[in-house]
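Q: Structure here, sequence nowhere to be found:
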């Protein structure tokens, strides 16, 4: 879509573990909302370039970053996970993988500070990739690793997203390739020790291309999976599935516009007030929102509809929902001349789907929002990148429940180019993660982590 910078290495992700005790690095009393508390950078061995995929939140007080990194000849591409203390002090780094291309997709952390990661594990199953899940302890010890392969020899099986519950049980979704049915959804549940508790495969019809992309879990233990399934003709429809904690499939919801269109999910969020999925309709490049009650019945749907007819593209990349059912999406819009680049965009809708608030950066540069966090009370935080001295740097904004700015937009300049792609909330702070590099070659990029007061 011509907006995200991607070179050699695949993924960056961030988990922020919130403090349960007073010792867990609360901001100093004098820190005002939006004040930068600390910043950190990290580079793998050898240096690489990073892009972002997913974030998650738990409750200990540590900060984890993870990515996939090309480690040079003979070592392939490995998963990398780094732990920092809540004060920004480096604790450890761990690598996981082999000589092939191992691609990390997502991670989460439990209440005890253990971290779980998922993605594609190269090798085996006749040189395909496996649907892989790994767990490290807070001390950095590898506790267990699990792999599932589809029946198709050499298939590209991949775990795409992961969450944990309050007891440390692990839920993972993604796709496996089957000989008879092609690419299918796969959702699994593991116990804390890695025991497979259940797995559920989902296929639309025939040897089609279906795949789960994201998942979320509600307070009652239900698991919501969103992805895309093949249409009867051509193109892909959005599909949302709810599983009970027991693995029973509760309901299935499908949404799509017309044939030859692809409705591809980017993010999912859930509260008692509802379920929301955002993404993009291709090839039109139009952001969409699907809102559902937790029952799977009713709700509303929207695609981006500008006030003028000059829109040339839009995409919603991240979403959140508050306790009142207000839905926020973040991404980009392009109005008029596409050569001017996308604009950083955030919109908030009421529980019934009416547009309540909107933010759009001025045009003239490549800008976009890539991460958003919404509190139960309705405060909104969004991060992405905007122009500064003619190049891209992290831009972070926040609004209270009434859409009053919480602080001036925060721009961080640490490299020649910096990009922020995730935002997660702490009880009295928020973390922004991304990457940066000091030349246009993309070599030697650093992971970037920023902690702000709120």
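A: Thanks, I have the structure now. Bear in mind the structure is a predicted one, so any value in this text is a computation, not a measurement. Numbers count the residues shown, from 1 in each chain.
Q: as a whole number, average confidence for stretch 267-287?
A: Stretch 267-287 carries an average pLDDT of 93.
Q: Buried residues, that stretch. List them.
A: Within stretch 267-287, the residues that count as buried by 16 or more other CB atoms under 10 Å are 267-271, 273-282, 284-287. C-beta here means a position set from N, CA and C on the backbone, and glycine is covered the same way.
Q: cool, and stretch 92-101?
A: In stretch 92-101, residues buried by neighbour count (16+ other CB under 10 Å) are 94, 96, 97, 100, 101.
Q: any idea how far the residue lying closest to the second one once chain neighbours are set aside is from residue 71?
A: So that's residue 96. Sequence neighbours aside, residue 79 is the residue nearest to residue 96 in space, at 4.3 Å (criterion: CB to CB, 6 or more residues apart in numbering). Residue 79 is 10 Å from residue 71, where distance means CB to CB, to the nearest Å.
Q: Which one's more surrounded, those two?
A: More crowded of residue 79 and residue 71, by other CB atoms under 10 Å: residue 79, with 26 against 20.
Q: Which strand residues bridge that one?
A: Note on residue 79: beta-bridge partners by DSSP bridges are residue 68, residue 96.
Q: was I right about it contacting residue 102?
A: Yes: using CB atoms under 8 Å, residue 79 makes contact with residue 102 at a distance of 5.7 Å.
Q: Spit out the residues that contact those two alike.
A: Among the neighbours of residue 79, those also in contact with residue 102 (CB atoms under 8 Å, 6 or more residues apart in numbering) are 68, 96, 119.
Q: my read: the last one touches residue 102, true?
A: Yes: between residue 119 and residue 102 there is a contact under CB under 8 Å: 6.8 Å.
Q: tell me, what's touching the two both at once?
A: Contact criterion CB under 8 Å, 6+ apart; residues shared by residue 119 and residue 102: 68, 79, 132.
Q: Now distance to residue 106 and pLDDT too, for the residues you listed, in TSV please.
A: What follows is these, written out as TSV (distance: CB to CB, whole Å; pLDDT from 0 to 100):
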residue	distance to residue 106	pLDDT
68	11	83
79	11	89
132	11	95
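Q: With distance to residue 349 added, can I get those residues in CSV?
A: Shown next, in CSV, are the shared contacts of residue 119 and residue 102 (distance: CB to CB, whole Å):
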residue, distance to residue 349
68, 34
79, 36
132, 37
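Q: Pull out the buried positions in stretch 197-212.
A: By 16+ other CB under 10 Å, the buried positions in stretch 197-212 come out as 200, 201, 202, 203, 204, 208, 210, 211, 212.
Q: Quote the end-to-end distance of that stretch.
A: In stretch 197-212, first residue to last residue: 19 Å (CA to CA, to the nearest Å).
Q: I'd like to know the average pLDDT value across it.
A: Mean predicted confidence for stretch 197-212 is 85.
Q: Contact partners for residue 143?
A: Per CB under 8 Å, 6+ apart, neighbours of residue 143: 114, 135, 136, 137, 193, 194.
Q: wait, which of the residues you listed is closest to residue 400?
A: Ranked by distance to residue 400 (CB to CB), the contacts of residue 143 are led by residue 114 at 34.1 Å.
Q: which residues touch the helix or strand hosting residue 227?
A: For residue 227, the host element (DSSP states H and E) is strand 223-230. Identification of contacts with strand 223-230 by CB under 8 Å, 6+ apart yields 160, 163, 171, 173, 175, 185, 187, 189, 204-205, 208-218, 236-245, 254, 262-265, 268, 270, 275, 277.
Q: Now the buried members of those.
A: Neighbour counting by 16+ other CB under 10 Å classes 160, 163, 171, 173, 175, 185, 187, 189, 204, 208, 210-217, 236-243, 245, 262-265, 268, 270, 275, 277 among those as buried.
Q: coming back round to it: which one among the shared contacts of residue 119 and residue 102 gets closest to residue 433?
A: Closest approach between those and residue 433, by CB to CB: residue 68, at 14.9 Å.
Q: just checking, residue 276 touches residue 288?
A: No: with contact defined as CB under 8 Å, residue 276 does not reach residue 288; the gap is 10.9 Å.
Q: Kindly spell out which helices and strands sit in contact with the strand or helix carrying residue 93.
A: Taking DSSP H and E as the definition, residue 93 sits inside strand 90-96. For strand 90-96, the packing partners by 3 or more CB pairs under 8 Å, 6 or more residues apart in numbering; DSSP states H and E come out as strand 36-42, strand 77-85, strand 142-148.
Q: Please render the ones you listed as a markdown table that adds distance to residue 428 to the earlier fields.
A: What follows is those, written out as a markdown table (distance: least, CB to CB, whole Å):
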| stretch | distance to residue 428 |
| --- | --- |
| strand 36-42 | 10 |
| strand 77-85 | 16 |
| strand 142-148 | 31 |
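Q: I'd like to know which of the ones you listed is closest to residue 326.
A: When the helices and strands packed on strand 90-96 are compared for distance to residue 326 using CB to CB, the nearest one is strand 36-42, at 28.4 Å.
Q: Now do that closest one against strand 90-96, angle only.
A: Strand 36-42 runs at 40 degrees relative to strand 90-96, counting by axes from the mean of the first three to the mean of the last three CA atoms, to 10 degrees.
Q: What pairs with strand 36-42, parallel or antiparallel?
A: Strand 36-42 pairs in its sheet with strand 446-453 (antiparallel), by DSSP bridges.
Q: tell me the angle of the partner strand relative to strand 77-85?
A: Inter-element angle recorded for strand 446-453 and strand 77-85: 30 degrees (by the same axes, to 10 degrees).
Q: avg pLDDT for strand 446-453?
A: Regarding strand 446-453, the rounded mean pLDDT is 84.
Q: cool, and stretch 86-93?
A: Average pLDDT, stretch 86-93: 90.
Q: ok, and for that stretch, which residues are buried?
A: Across stretch 86-93, burial judged by 16+ other CB under 10 Å covers residue 86.
Q: That stretch: end-to-end distance?
A: Start-to-end span of stretch 86-93 (CA to CA) is 16 Å.
Q: residues touching the residue nearest to residue 96, list them.
A: Residue 79 makes contact with 66, 67, 68, 95, 96, 97, 102, 104, 117, 119, 134, according to CB under 8 Å, 6+ apart.
Q: next one: residue 185
A: 173-175, 200-203, 210-212, 225, 227, 239, 241.
Q: cutoff 10 Å now
A: Residue 185 makes contact with 160, 173-176, 200-204, 210-213, 225-229, 239, 241, according to CB atoms under 10 Å, 6 or more residues apart in numbering.
Q: Residue 34 - that's part of a helix, no?
A: No: counting by DSSP: H, G, I helix; E, B strand; the rest coil, residue 34 is located in no helix; its state is coil.
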